[in-house]
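Peer 1: sequence first, predicted model second:
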Amino acid sequence: VTSDKVTSDKVTSDKVTSFAEYHCHICNLWMDTKNRPFHCDKCGICRVGGAENFHHCDLCSMCISVDTVSSHHCMRDKYKNNCPVCREDMYTSRHAPQDLPCGHAIHAHCFRRLAAFDYRCPICKKTVVSSESMSSAWAERAADIERQPMPRDLSRIVDIMCNDCEAKNKSLSWHFLGVQCPGCNSFNTVVENVVSGEQMNDVT
């Protein structure tokens, strides 16, 4: 047994003071049981939330909630990194991590703050919102671009790469609202090259 649910008492004259309800002999950790602590031998540290609610993934090197263990995206040692937003070590953090659709991990509370102004993974820049949810936003942006074409003196023809489907497309019209990927309709694209001068005028 590596951890015990015990009550350690300290006797001071005629008064008994409870020191802790939980003690881990390996981590030498003393705490109460309201957060349901348990020791994971494979993680090598104590975690909270109740051992029955977690399953250790050997590839990810982390205890994963039993509610998501069957659907989570395995990536070797992906939790043995710092959160890309707050830079805190996620492996030993007391804050819950969250898997993004791309497979990268981030603190759940950091993701909520990030989602207020950015819809992309801070590591690979893929869209973290489902394509079904984003389709209406992409369609609305395409309509805005159609209603507001670029003036001729500001028009450019560009080559792009899509962060979502990773396809590359050449000779597309640039707009300050974004350039849509012809393959997946995403506006999550980056300009890789600006086609200049005479080539620009030859493209209709």
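Peer 2: Nice, thanks for sending it over. Residues are numbered from 1 along each chain as shown.
Peer 1: residues touching Gln148, list them.
Peer 2: Taking C-beta atoms under 8 Å, 6 or more residues apart in numbering as the contact definition, Gln148 lies against Leu177. Quick note: C-beta positions are derived from backbone N, CA and C, even for glycine.
Peer 1: in the helix with the most length in the chain, what's buried?
Peer 2: Identified as the longest helix of the chain according to DSSP state H is helix 131-147. Within helix 131-147, the residues that count as buried by 16 or more other C-beta atoms under 10 Å are Met134, Trp138, Arg141, Ala142, Ile145.
Peer 1: now the helix or strand following it - C-alpha only, PDB.
Peer 2: Moving toward the C-terminus from helix 131-147, the next helix or strand (DSSP states H and E) is strand 157-162. As requested, the backbone C-alpha atoms of strand 157-162 are provided in PDB (Å, rounded to 0.1, in the frame of the first residue of the first chain):
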ATOM      1  CA  ILE A 157      -2.500  37.600 -56.000                       C
ATOM      2  CA  VAL A 158      -1.100  35.300 -53.400                       C
ATOM      3  CA  ASP A 159      -0.100  31.700 -52.700                       C
ATOM      4  CA  ILE A 160      -1.500  30.400 -49.400                       C
ATOM      5  CA  MET A 161      -1.300  27.400 -47.100                       C
ATOM      6  CA  CYS A 162      -4.300  26.300 -45.100                       C
END
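Peer 1: how distant is the following helix or strand past strand 157-162 from the center of its chain?
Peer 2: Using DSSP H and E, the next helix or strand after strand 157-162 towards the C-terminus is strand 168-173. Its chain's C-alpha centre lies 29 Å from the corresponding centre of strand 168-173 when counted by C-alpha atoms, centre = their mean, to the nearest Å.
Peer 1: and the very next helix or strand once past strand 168-173, what does it pack against?
Peer 2: Using DSSP H and E, the helix or strand that follows strand 168-173 in sequence is strand 189-195. When contacts are defined as 3 or more C-beta pairs under 8 Å, 6 or more residues apart in numbering; DSSP states H and E, strand 189-195 packs onto strand 157-162, strand 168-173.
Peer 1: partner strands of strand 189-195, with direction?
Peer 2: Here strand 189-195 has these sheet partners by DSSP bridges: strand 157-162 (antiparallel).
Peer 1: other residues contacting the partner strand?
Peer 2: Outside strand 157-162, the residues within contact range by C-beta under 8 Å, 6+ apart are 167-174, 179, 181, 183-184, 186, 188-195, 199-200, 203.
Peer 1: got the angle for it vs strand 168-173?
Peer 2: Orientation check (axes from the mean of the first three to the mean of the last three C-alpha atoms, to 10 degrees): strand 157-162 against strand 168-173 gives 140 degrees.
Peer 1: with adjacent residues omitted, what lies nearest to Gly159?
Peer 2: Just to correct that, residue 159 is Asp rather than Gly. Computed as C-beta to C-beta, 6 or more residues apart in numbering, the closest residue to Asp159 that is not its neighbour in sequence is Asn193, at 4.1 Å.
Peer 1: equivalent analysis for Thr33, please.
Peer 2: By the measure of C-beta to C-beta, 6+ apart, the closest residue to Thr33 outside its immediate chain neighbours is Glu21, 4.5 Å from it.
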